Structure formats: C-alpha cells, structure tokens
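Asker: Here is a sequence with its predicted model. Questions after.
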Amino acid sequence: MLEKNEPAPEVEVLAKVQGALKRPVTVKAARGLSHFGEHSAGWFALGLVGAAVDKKRRKDWLVAAAGVVGAHAASIAVKRVVRRPRPEHPSVEVLVGTPSKLSFPSSHATSTTAAAVLYSGLTGRNLVPALVPPMLASRLVLGVHYPTDVLAGAALGGVVGGLIRRKLKQR
C-alpha cells in the first residue's frame, strides 16, 4: 500500500521521464508540438495542404483529414466517460496549459497517430516512427499525461486511422 505522499508507480515513471528529458530546448519543442496538435488542428491543416497539392487524390486527403478529426473526437468521448484527472503530484511539473482537466486517453497522441497512419498511406512513407514518439514524449515532458494516457491514445488513433486507411484502399 502507498504511503500518503508516496507517488503511484505511474507517477514515478512520469517524473523520471520528465526529469530525464526536461531541458529548455526540449520543453520548447514539446510546447510547439502541443500547440500544433491542439484539437488536431495542425494535422487537419496538413491534410488540407495534401488535398490542395495532390489533386489526383484530393478526396482521399480530405477523408484522411476528416479521419484525424474523427479520431480526436473519439478520444474526447472516451475522456468524458473515463474522467481520469491529469497528473497532479509534487514530483511532476505541469509546463503547459490544457483545455481540459481530463487525461485519458491523450487526444494529442490519438490524433497524431491517426494522422501518421492515414498520411502514411497517402504519401507511401511510414510516418509513424517520425511523428508518434515525439508527440507521446512531449505529453510526458510537459507533465500533462500519464504514460498509459499516451499509449491508449496512440492505440485509439492507430485503430481509427487503420480502419479509415483500409476503407481508402478499397476505393
């Protein structure tokens, strides 16, 4: 049983990750990713750019961009059911504001993973390794999510993105 001020194991992991990665340049980059990913706006905008540039597959880009927003909406729905509060412990420093006090799953992780999966299918490049880990790490560095929040968000985004990508392939 945990003592009153003893952090839960997941808080310990979060504090260790934050302690290991929290440097001025890392925090600045994490905040940039946070703002880009807020409400999936940056990923949606990239989908619109793809639609504007790739006229041959414009409709697919628009469906993919809408899928990113849909994945984000799914994460919000899950948050409202689960209602897990964001990390709040003396060993964790919150380094960015959030629009909600709910943390599970991470909507940033969800929309980023959905975007990476969907846009990978349209670009022919595997974008997941380049896009997903930095966003997941940023949520931990900023102290706004537990590790399971970002993992669950990535899983949800992967499922939503994968289902939509499969439908796009069938067209």
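Answerer: In hand now; what should we look at?
Asker: Not counting residues beside it along the chain, what's closest to residue 106?
Answerer: residue 153 (3.6 Å; CB to CB, 6 or more residues apart in numbering). The C-beta positions use only the backbone N, C-alpha and C, and glycine is treated the same way.
Asker: got the residue ranges for the helices in this structure?
Answerer: Ranges of helices within the chain are 9-21, 24-37, 41-53, 58-82, 107-123, 128-141, 147-169, based on DSSP state H.
Asker: middle-most residue in this structure, spatially?
Answerer: Centrality entry for the chain: nearest residue to the mean C-alpha point is residue 109, 1.5 Å, by CA atoms, centre = their mean.
Asker: Report how many residues lie close to the closest residue to that one other than its chain neighbours.
Answerer: In space, and not counting its chain neighbours, residue 109 is closest to residue 153: 3.0 Å by CB to CB, 6+ apart. Residue 153 has 32 neighbours, counted by other CB atoms under 10 Å.
Asker: Residue 153: what's it in contact with?
Answerer: 75, 105, 106, 107, 108, 109, 110, 113, 136, 145 (CB atoms under 8 Å, 6 or more residues apart in numbering).
Asker: Against residue 140, how distant is it?
Answerer: With distances taken as CB to CB, to the nearest Å, residue 153 is found 12 Å from residue 140.
Asker: Please apply the same query to residue 164.
Answerer: On the measure of CB to CB, residue 164 and residue 140 end up 27 Å apart.
Asker: more neighbours, the two?
Answerer: The neighbour comparison of residue 164 against residue 140 (other CB under 10 Å) goes to residue 140, with 26 against 22.
Asker: Could you count how many residues lie near the residue lying closest to the more buried one once chain neighbours are set aside?
Answerer: Closest residue in space to residue 140, ignoring its immediate chain neighbours: residue 17 at 4.6 Å, by CB to CB, 6+ apart. Using other CB under 10 Å, residue 17 is surrounded by 16 other residues.
Asker: Would you confirm that residue 17 contacts residue 143?
Answerer: No: Residue 17 is beyond contact range of residue 143, at 9.5 Å (criterion: CB atoms under 8 Å).
Asker: Can you list the low-confidence ranges for this structure?
Answerer: The model of the chain has pLDDT under 70 over residues 1-7.
Asker: can we see that at 80?
Answerer: 1-7, 171 (pLDDT under 80).
Asker: Would you confirm that residue 98 contacts residue 144?
Answerer: Yes: with contact defined as CB under 8 Å, residue 98 and residue 144 form a contacting pair (5.4 Å).
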